[in-house]
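In: Turn this into a structure:
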Amino acid sequence: MQQGTTTFNRSSTLTHTEYYFQEISMDSIRPSPAPNRSRISKTFRKVISLKTYNKNYSNHGFCLPISQEKFRENAEEAMEESKNRAFLAKIFANVSAIKAAYAELQMAQFPYNNDAVQSADQAVVDELKSLSELKRRFLKKQIDSSPPHVTLMLAEIQEQQSLMKTYEITMKKMQSEIENKERKISAIKEQLKEINQNNRAMEKKMNASGSFSIFDSVKFSDVNPRDFVLVLHYALRSVRNFVKFLIREMESANWDIEAAANAIHPEIVFRNRHHRAFSFESFVCREIFAGFNNPTFCVRENDQFLPGEKYQRRVFFFEQFKKMRSVNVINFLKQNPNSLFAKFLKSKYLQFVHPKMEFSFAGNLNQRKMVNAGEYPETEFFKVFAEMSRRVWLLHCLAFSFEHEVGVFQVKQNSKFSEVYMESVADDVFAAAAAAGDFRVAFTVVPGFKFNHTVVQSQVYLFPGKSTAKS
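Out: Reported below is the predicted structural model:
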């Protein structure tokens with residue numbers, strides 16, 4: 001039995017309830033066809049005609065005789081109609097009461113409450129008995145309701161009360177589900193908070209002074225692409241950490257993030273608003289890896305420090321790698337202000353951090369002045385930037401420790417996707433491009449690397465077909 005759109009799933013065996021559901025065939029209590037409206041209209045017209053006739057008689061002093069038998073038949077038909085309506089109303093009220101009782105029974109089972117289940121089960125049985133009694137009276141044509149209009153009104157009230165009870169039970173059930181989901185969300189948030197704390201603790205350990213066990217196994221005589229990929233991932237973690245910090249600083253300075261992302265890569269439509277971070281990551285990687293192919297990293301002052309012979313140069317860079325792999329970056333800069341890395345960091349900072357950007361973040365240009373003067377501020381922004389630069393410098397030193405040259409490459413916009421040279425940074429974008437049957441590069445996020453016969457894939461942001469970005 002259904003009324004409205006609320007559905008309740010039965011989850012346990014109820015002996016009494018099943019017995020009475022089997023006892024009563026709903027087909028047998030299906031309401032008889034609605035009374036013929038034309039008969040009701042006919043009865044009312046006759047009554048109105050009679051009133052008009054009596055009025056005319058009092059005004060004009062004459063009347064036409066009416067059959068008393070006909071008048072009695074009309075009255076009996078009207079009474080029969082009222083009884084039928086009252087009886088149908090009682091059936092619908094009883095059905096609504098069964099539904100409400102059954103809903104209460106289901107509610108009592110989750111969580112299970114034995115007393116509530118027994119009480120609700122008995123309520124269902126009682127309502128089924130009442131329905132069975134209505135069936136018996138209908139079959140024996142004992143549907144008298146006196147007075148019918150009072151019975152009709154009481155049945156309608158009972159039906160509304162049952163509906164209200166059903167809705168209240170449904171609301172309680174939904175409220176319980178909402179509370180359960182809120183508890184799950186809170187638990188997941190706590191787990192996420194704990195994971196983030198563990199990640200930060202691990203990051204601090206990775207950045208702390210002392211040996212870094214993963215890189216301790218890297219040996220000059222056995223440098224290989226696997227070591228390079230390991231250090232690359234180590235560097236990219238720091239790049240993404242800096243990008244997050246940079247976006248937070250922009251938001252704090254009330255920058256228009258969407259406009260800033262669009263300024264880096266115009267006319268790119270991101271499938272997800274969080275994908276805008278890839279645009280900033282692309283910009284940071286482009287700047288920090290600029291000059292990577294050059295042994296001096298395009299810092300001219302470094303030429304005088306580099307050995308001329310190729311093997312000695314390889315040894316020199318590997319020694320730089322070992323020296324820098326486990327240091328605290330700020331302490332190292334203070335102790336070695338004229339080192340190759342210090343010159344590299346100074347060059348990258350002045351090139352990357354525009355004066356207007358620094359002023360909007362800090363309200364002054366003090367950091368820029370200090371870096372330009374060979375000093376190193378201990379602000380959070382500079383520490384994060386310096387750590388990112390240290391890891392990229394490590395990767396550069398390891399790359400030039402190889403016997404074969406290591407090259408860095410970018411993928412041009414609107415190029416076709418190649419699994420040999422590229423990988424997608426976003427799985428959902430990759431799936432959309434695959435569905436469209438055409439893979440195109442919107443922009444390069446992380447450059448690729450190649451040396452000898454080995455290729456380290458670039459990381460790109462894709463779009464399907466030619467409808468999302470312009471070349």
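
In: which stretches of this structure have low pLDDT?
Out: Low-confidence segments of the chain (pLDDT under 70): 1-71, 73, 75-76, 79-80, 144-146, 203-217, 300-305, 429-437, 464-471.

In: please redo it, this time with the cut-off set to 50
Out: Low-confidence segments of the chain (pLDDT under 50): 1-15, 17-37, 40-41, 43-44, 46-64, 209-212, 467-471.

In: Break it into its domains for me.
Out: 15-183, 220-464 (automatic domain parsing).

In: from the chain's centre, how far out does the last one sit?
Out: To tie it back to what came earlier, the one meant is domain 220-464. Centre-to-centre, domain 220-464 and its host chain are 31 Å apart (Cα atoms, centre = their mean, to the nearest Å).

In: All the helices of the stretch 351-471 of the chain, residue numbers only.
Out: Ranges of helices in the stretch 351-471 of the chain, per DSSP state H, counting those that start in this stretch, are 355-362, 366-372, 380-399, 427-436.

In: and the shortest one, which residues are buried?
Out: Residues of helix 366-372 classed as buried by neighbour count (16 or more other Cβ atoms under 10 Å): 367-368, 371. In this view, the C-beta of every residue, glycine as well, is placed from N, C-alpha and C.

In: Among those residues, which one sits closest to I195?
Out: Nearest to I195, judged by Cβ to Cβ, of those is Q367 at 32.3 Å.

In: which ones are touching that closest one?
Out: 353, 358, 377, 379, 381-382 (Cβ atoms under 8 Å, 6 or more residues apart in numbering).

In: rerun that using 6 Å as the cut-off
Out: 377, 382 (Cβ atoms under 6 Å, 6 or more residues apart in numbering).

In: circling back to that earlier point, select, out of the domains of the chain, the one closest to Q197.
Out: Closest among the domains of the chain, once you apply Cβ to Cβ, is domain 220-464, at 15.2 Å.

In: before we move on, the earlier item: as JSON lines, the domains of the chain with distance to K193 would be great.
Out: Output for the domains of the chain, formatted as JSON lines (distance: least, Cβ to Cβ, whole Å):
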{"stretch": "domain 15-183", "distance to K193": "16"}
{"stretch": "domain 220-464", "distance to K193": "17"}
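
In: Tell me which of the ones you listed sits most buried.
Out: domain 220-464 (a mean of 17; mean count of other Cβ atoms under 10 Å).

In: Now L333: which helix or strand?
Out: Taking DSSP states H and E as the definition, L333 sits inside helix 329-335.

In: State the distance from the closest residue to F417 other than its chain neighbours to E403.
Out: Leaving out its chain neighbours, the residue that sits closest to F417 by Cβ to Cβ, 6 or more residues apart in numbering is F439, at 3.1 Å. Distance from F439 to E403, counting by Cβ to Cβ, to the nearest Å: 35 Å.

In: got it, and F352?
Out: Distance from F352 to E403, by Cβ to Cβ: 32 Å.

In: cool, E168 as well?
Out: Computed as Cβ to Cβ, the E168 to E403 distance reads 79 Å.

In: which residues touch F278?
Out: Shown in contact with F278 (Cβ under 6 Å, 6+ apart): 425, 445, 461.

In: what about 8 Å?
Out: Counting by Cβ under 8 Å, 6+ apart, F278 has contacts 270, 425-426, 443, 445, 461.
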